[in-house]
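Engineer: Kindly return the folded structure for what I paste below:
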Amino acid sequence: MLKKINKTLMNAGKLESIDFVVIHNDAGYMKPSQYLAWLEKRNKALGIAHYYIDRNEIVRVVDTYNIAYHTGDWWSNCRSIGYEICQSMLTNDQDFLANEDIALMQVAEDMLFYDLEVNENTVRLHHEFTPTSCPHRSLKLHGGTTQSLKQYFIERIKYFISLGPDLDTMLRKYANKESLAFENNTDNDVNIEEIVKQVIRGDWGNGIVRKKNLEKAGYKYVDIQRKVNEYYEG
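Structural biologist: Just a heads-up that it's a prediction; the model follows:
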């Protein structure tokens, strides 16, 4: 069961506005609750995001309407909500993709709450504001470019919004889809481009689940995944 922890560690004043979200990779090994203990003792000026998230925990340490020090740039810190996807130096690809998805569900819920459109101006990456490789692991997994990664995040956020108005609803429907064999998508006469769209939408699951579902339906996983990667690479 997903555990949610809310504990405010810093109040640096209210955001000037909420114009966009910024997605990070932690470049670390800890789970969110371990970050909570670490951040309590750490100088917040050295960096702190609003959220620390993996597939098992969501920890919010700064209120979403307040400033957090997560981009290394004051202008963007004053106008954004920051999300750290945890364990980017530790876990395997399948688990990290699951970490991403839980983080993107939280992003989706917050963007709905603050009435933010989901587009390239509102879904941002850390390295757009500061010279950094962040989010390094997500870049490696999703095409290797700013454009390909942003497109992936945007598509996933829109998909999660289509599942429901809040994270709990999204998670319930997501979990159901991950456990299904997607029998309604097993017609091998379906156009490959349509299968690619379904994969991007999340209809076939992620990681090992996606591979098993595609192969069970008679598709060659490597070919489909290559097409998906080509889509994100533009």
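Engineer: So what's the gap between the helix or strand of the chain with the lowest mean pLDDT and the chain middle?
Structural biologist: Lowest on mean pLDDT, DSSP states H and E among the helices and strands of the chain sits helix 207-216, with a mean of 77. Averaging C-alpha positions (CA atoms, centre = their mean, to the nearest Å) puts helix 207-216 21 Å from its chain's average.
Engineer: swap in stretch 195-214?
Structural biologist: 17 Å.
Engineer: can you pull the buried residues of that stretch?
Structural biologist: Residues of stretch 195-214 classed as buried under the neighbour-count rule (16 or more other CB atoms under 10 Å) are 195-196, 198-200, 202-207, 209-211, 213-214. C-beta: built from backbone N, CA, C; applies to glycine.
Engineer: start to end distance for it?
Structural biologist: In stretch 195-214, first residue to last residue: 9 Å (CA to CA, to the nearest Å).
Engineer: One more: stretch 66-76?
Structural biologist: In stretch 66-76, first residue to last residue: 12 Å (CA to CA).
Engineer: Now that stretch: average pLDDT?
Structural biologist: Here stretch 66-76 scores 98 as its mean pLDDT.
Engineer: Could you list the residues in contact with that stretch?
Structural biologist: Residues from elsewhere that reach stretch 66-76, judged by CB atoms under 8 Å, 6 or more residues apart in numbering: 10-15, 20, 22, 24, 44-50, 62, 77-78, 80-82, 84, 124, 126, 129-130, 132.
Engineer: Show the buried residues in these.
Structural biologist: Those of these that meet the buried threshold are 10, 15, 20, 22, 24, 44, 47-50, 62, 77-78, 80-82, 84, 124, 126, 129, 132, by 16+ other CB under 10 Å.
Engineer: In helices, which of the residues you listed fall?
Structural biologist: Among the buried ones among the contacts of stretch 66-76, the ones falling in helices (DSSP state H) are Asn77.
Engineer: Mind jotting down where the strands sit in the protein?
Structural biologist: Secondary structure of the chain (DSSP state E): strands at 3-6, 20-25, 51-53, 57-60, 80-85, 123-125.
Engineer: Show me what counts as buried in the longest helix along the chain.
Structural biologist: In the chain, with assignment by DSSP H, the single longest helix is helix 93-113. Under the neighbour-count criterion of 16+ other CB under 10 Å, helix 93-113 has 96-112 buried.
Engineer: do the same with stretch 121-141
Structural biologist: Going by neighbour count (16+ other CB under 10 Å), the buried part of stretch 121-141 is 122-127, 129, 132, 134-139, 141.
Engineer: check contacts around the closest residue to Ile195 other than its chain neighbours.
Structural biologist: Of all residues not flanking Ile195 in the chain, Ile224 sits nearest, at 5.9 Å (CB to CB, 6 or more residues apart in numbering). For Ile224, the contact set (CB under 8 Å, 6+ apart) comprises 192, 195-196, 199, 214.
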